[in-house]
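*Asks:* Next one to model:
(chains A and B)
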Amino acid sequence: GQQLNQSPQSMFIQEGEDVSMNCTSSSIFNTWLWYKQDPGEGPVLLIALYKAGELTSNGRLTAQFGITRKDSFLNISASIPSDVGIYFCAGQLGFGNEKLTFGTGTRLTIIP
Amino acid sequence: EAGVAQSPRYKIIEKRQSVAFWCNPISGHATLYWYQQILGQGPKLLIQFQNNGVVDDSQLPKDRFSAERLKGVDSTLKIQPAKLEDSAVYLCASSPEGSPYGYTFGSGTRLTVV
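*Replies:* Now for the predicted structure:
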């Protein structure tokens, strides 16, 4: 089936640093979403992107929908301890109620 | 509003035993999903319900997995008999009909098959 590849697989950063991660697909998606998952919890939606080329911000988070509709990136500025977790991209062929195809995840760790 | 409720939170069973998980979606949400998340991977859709009808169950291993959503509200997912490779977190999610804003996940049930 379809698969989204995320990179890097893991990141070790210091508090205050900026973070960048991306997601690529072999096929086109019409909606891209970014989720964060904390240990023992379900994924929580961070940002949703609906148009190719769209750049959207949510506080310290910024995400862009690639122009080819086959990729997306997520940036986190000035990281804080609560940013620790696993970040997943997810694609939808449509939007709303359609199934999500998740990426492989990027694990973010903040070094004291 | 209350979130998506799942129970139990943890379950340990032996292979070839049966197990059932329960999900109560957010009130009024027409669409309910069950995802399987194997350790180190992203969630994968098992089945999607719209009210009490199945929309997509193409990835559900129907020889051992079954799911139902009676009266279009609560849902149960059953595995019978369980295999070692079924060890995973089973996530339930729900969304209102027509919403463009993604959906809300529960905290999941962690299943360990020994």
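*Asks:* How about the contacts made by residue B:31?
*Replies:* Residues near residue B:31 by CB atoms under 8 Å, 6 or more residues apart in numbering or on different chains: A:97, B:48-50, B:55, B:94-97, B:103. For glycine as for every other residue, the C-beta is placed from the backbone atoms N, C-alpha and C.
*Asks:* do the same with residue B:83
*Replies:* B:15, B:64, B:113.
*Asks:* Separate out the buried members of these.
*Replies:* Those of those that meet the buried threshold are residue B:113, by 16 or more other CB atoms under 10 Å in any protein chain shown.
*Asks:* for chain B, what are the nearby residues on chain A?
*Replies:* By CB under 8 Å from any CB of the partner chain, the residues of chain A that approach chain B are A:1, A:4, A:33, A:35, A:40-45, A:48, A:50, A:88, A:90, A:95-97, A:99-100, A:102-105.
*Asks:* hmm, back to that, among the contacts of residue B:31, which ones are in strands?
*Replies:* B:48-50, B:55, B:94-95 (DSSP state E).
*Asks:* May I see those arranged in a markdown table, with neighbour count, distance to chain A and pLDDT as well?
*Replies:* What follows is the ones in strands among the contacts of residue B:31, written out as a markdown table (neighbours: other CB atoms under 10 Å in any protein chain shown; distance: CB to the nearest CB, whole Å; pLDDT from 0 to 100):
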| residue | neighbour count | distance to chain A | pLDDT |
| --- | --- | --- | --- |
| B:48 | 24 | 6 | 94 |
| B:49 | 22 | 10 | 94 |
| B:50 | 15 | 7 | 91 |
| B:55 | 15 | 8 | 92 |
| B:94 | 24 | 10 | 94 |
| B:95 | 23 | 6 | 90 |
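*Asks:* that older thread, ok, the contacts of residue B:31 vs residue A:78, which is closest?
*Replies:* Taking CB to CB as the measure, residue A:78 lies nearest residue B:103 of the contacts of residue B:31, at 29.2 Å.
*Asks:* And the closest one, how far from chain A?
*Replies:* Residue B:103 sits 8 Å away from chain A, going by CB to the nearest CB, to the nearest Å.
*Asks:* Ok, residue B:110 next?
*Replies:* Distance, residue B:110 to chain A, by CB to the nearest CB: 8 Å.
*Asks:* What is the burial count for the closest residue to residue B:45 other than its chain neighbours?
*Replies:* Distances taken as CB to CB, 6 or more residues apart in numbering or on different chains place residue A:99 nearest to residue B:45, at 4.5 Å, with adjacent residues excluded. Applying other CB atoms under 10 Å in any protein chain shown, we find 21 residues neighbouring residue A:99.
*Asks:* what do you get for residue B:7?
*Replies:* Residue B:7: 13 surrounding residues under other CB under 10 Å.
*Asks:* do you know how far the residue lying closest to it once chain neighbours are set aside is from chain A?
*Replies:* Closest residue to residue B:7 apart from its sequence neighbours, by CB to CB, 6+ apart: residue B:22 at 5.2 Å. Separation of residue B:22 from chain A (CB to the nearest CB): 15 Å.
*Asks:* Surely residue B:22 and residue B:74 touch.
*Replies:* Yes: with contact defined as CB atoms under 8 Å, residue B:22 reaches residue B:74; the gap is 6.7 Å.
*Asks:* just to revisit the earlier point, give me the subset of the residues of chain A next to chain B lying in strands.
*Replies:* Filtering the residues of chain A next to chain B for strands - DSSP E - leaves A:4, A:33, A:35, A:44-45, A:48, A:88, A:90, A:102.
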